[in-house]
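Q: below are the sequence and a predicted model; questions follow.
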Amino acid sequence: MDSLTITGPYGAIPIRVYRAAAGSEQSPALVWAHGGGFAWGDLEMPEAHWVSQQLAARGITVISVGYRLAPVSAALTDSEPARDGVLFPVASEEVAAAFCWAADQATAYGIDADRLSLGGASAGGALAAGVALRLRDAGGAQPASLLLAYPLVHSVLPEPSTELAQKIAVLPADARFELDDVRAMNLNYVGDPAGLDNPYAFPGGHDLAGLPPTLVLNSEHDSLRASGQAFAAELALAGVDVTVCQEPGTRHGHLNEPENPGAQSSLRRMTAWLDGSNRG
């Protein structure tokens with residue numbers, strides 16, 4: 001693992017490069033954004049560090065991005081002190097900068113530039129999907145695919161299906177995402193209510209045509225599955241090649257649980273997607 005800082009639009013961005021295990025001169029690669037409600041998370045959390053280690057051991061080079069976090073306010077939590085942070089578009093533009101850096105450095109790191117993907121988990125999924133729209137609109141290097149794990153990509157959480165609503169209803173209160181909680185988290189990220197309608201912040205419900213093939217990997221028992229499922233349907237309607245699946249028996253954030261069999265299963269799905277073995 002190489003710990004680096006790269007130049008970004010708001011200053012230095014810490015990243016970690018997890019090189020693919022030896023075996024081929026050019027490996028597929030993933031630029032990866034951890035979750036944490038936009039305001040929490042870091043490069044040490046299992047969803048960042050452990051996932052990256054595991055993918056690298058399976059032949060995928062991972063560039064994990066330490067993007068700047070949104071503030072922590074009383075509206076979000078009463079269990080910790082308030083903390084300053086940054087608002088959209090800072091984190092989004094930093095993830096975009098990391099992707100462009102990875103594309104530029106592909107040869108130096110033994111990356112197959114034609115198999116450089118972009119992804120994220122939970123709030124990191126919103127970042128990755130929004131950056132994919134940025135890259136589409138800007139031209140230049142484009143991700144080979146998009147990988148979204150239990151993403152929140154809508155400013156307002158879509159209505160759950162009857163099947164999902166039944167599973168949400170039996171979750172403990174601290175494992176559910178209520179509509180008001182999601183709105184508060186999203187508004188905390190963008191700062192201004194007008195920002196909730198920005199497609200680069202929350203791509204759900206916007207023009208998705210031209211995005212790369214996308215894997216949406218949901219947790220089964222998860223309020224936010226409503227966003228992942230709706231986004232997959234929107235991608236399909238926009239003509240994007242999309243694969244959607246859910247990990248049986250898992251709750252939101254299961255990639256943060258290395259001992260969870262569902263996390264191991266998801267890593268196998270992710271590896272197959274990133275090396276292209278289950279895509280046309």
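A: Perfect, thanks for sending it.
Q: from now on I want contacts and neighbour counts done on CA atoms only, so please keep to that.
A: Fine.
Q: and the helices in the stretch 151-280 of the chain?
A: According to DSSP state H, counting those that start in this stretch, the stretch 151-280 of the chain carries its helices in the segments 162-169, 179-190, 225-237, 261-274.
Q: list of residues touching the first one?
A: This points to helix 162-169. 176, 221-223, 225-226 (Cα atoms under 8 Å, 6 or more residues apart in numbering).
Q: cutoff 10 Å now
A: Outside of helix 162-169, the residues within contact range by Cα atoms under 10 Å, 6 or more residues apart in numbering are 159-161, 175-178, 220-226, 251.
Q: count of residues packed around residue 11?
A: 10 (other Cα atoms under 10 Å).
Q: next one: residue 135
A: Residue 135 has 18 nearby residues by other Cα under 10 Å.
Q: in three-state terms, label the residue nearest to it when sequence neighbours are not counted for me.
A: Leaving out its chain neighbours, the residue that sits closest to residue 135 by Cα to Cα, 6 or more residues apart in numbering is residue 142, at 6.1 Å. What DSSP: H, G, I helix; E, B strand; the rest coil gives for residue 142 is coil.
Q: touching, residue 142 and residue 117? I think so.
A: Yes. In terms of Cα atoms under 10 Å, residue 142 counts as a neighbour of residue 117; the distance is 8.4 Å.
Q: any common contacting residues for those two?
A: Applying Cα under 10 Å, 6+ apart, one finds that residue 142 and residue 117 are jointly contacted by 99, 103, 132, 212.
Q: thought residue 38 was touching residue 120?
A: No. Counting by Cα under 10 Å, residue 38 stays clear of residue 120, with 11.7 Å between them.
Q: ok, back up a step: which one of the shared contacts of residue 142 and residue 117 sits closest to residue 170?
A: residue 132 (35.0 Å; Cα to Cα).
Q: may I see the buried residues of the host helix or strand of that closest one?
A: For residue 132, the element it lies in under DSSP states H and E is helix 123-138. Along helix 123-138, these residues count as buried under the neighbour rule (16 or more other Cα atoms under 10 Å): 123-136.
Q: of these, which pair is most distant in space?
A: 123 and 136 (20.1 Å).
Q: list the contacts of residue 201.
A: Taking Cα under 10 Å, 6+ apart, one finds 88-89, 91-92, 126-131, 133, 153-155, 186, 189-190, 195 in contact with residue 201.
Q: check what pLDDT it gets.
A: Listed pLDDT for residue 201 reads 98.
Q: tell me the gap between the helix holding residue 132 and the middle of its chain.
A: Centroid displacement of helix 123-138 relative to its chain, using Cα atoms, centre = their mean, to the nearest Å, is 9 Å.
Q: the helix or strand that comes right after that helix pairs with which strands?
A: Next helix or strand after helix 123-138 toward the C-terminus (DSSP H and E): strand 146-149. Strand pairing for strand 146-149, using DSSP bridges, gives strand 111-121 (parallel), strand 214-221 (parallel).
Q: send the alpha carbons of the shortest one over as PDB?
A: Only the C-alpha atoms of strand 214-221 are listed here, as PDB (Å, rounded to 0.1, in the frame of the first residue of the first chain):
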ATOM      1  CA  THR A 214     -23.100   0.000 -13.600                       C
ATOM      2  CA  LEU A 215     -23.400  -2.500 -10.800                       C
ATOM      3  CA  VAL A 216     -25.700  -1.600  -7.900                       C
ATOM      4  CA  LEU A 217     -25.100  -3.900  -5.000                       C
ATOM      5  CA  ASN A 218     -27.700  -3.400  -2.200                       C
ATOM      6  CA  SER A 219     -28.000  -4.700   1.300                       C
ATOM      7  CA  GLU A 220     -31.200  -6.700   1.800                       C
ATOM      8  CA  HIS A 221     -32.400  -5.300   5.100                       C
END
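Q: to the chain's geometric centre, what's the distance from that strand?
A: Distance, centroid of strand 214-221 to centroid of chain: 11 Å (Cα atoms, centre = their mean).
Q: tilt between that strand and helix 162-169?
A: On the basis of axes from the mean of the first three to the mean of the last three Cα atoms, to 10 degrees, strand 214-221 is oriented at 50 degrees to helix 162-169.
Q: what about strand 214-221, average pLDDT?
A: 98.
Q: helices along the stretch 1-150 of the chain, start to end?
A: 49-57, 90-104, 123-138.
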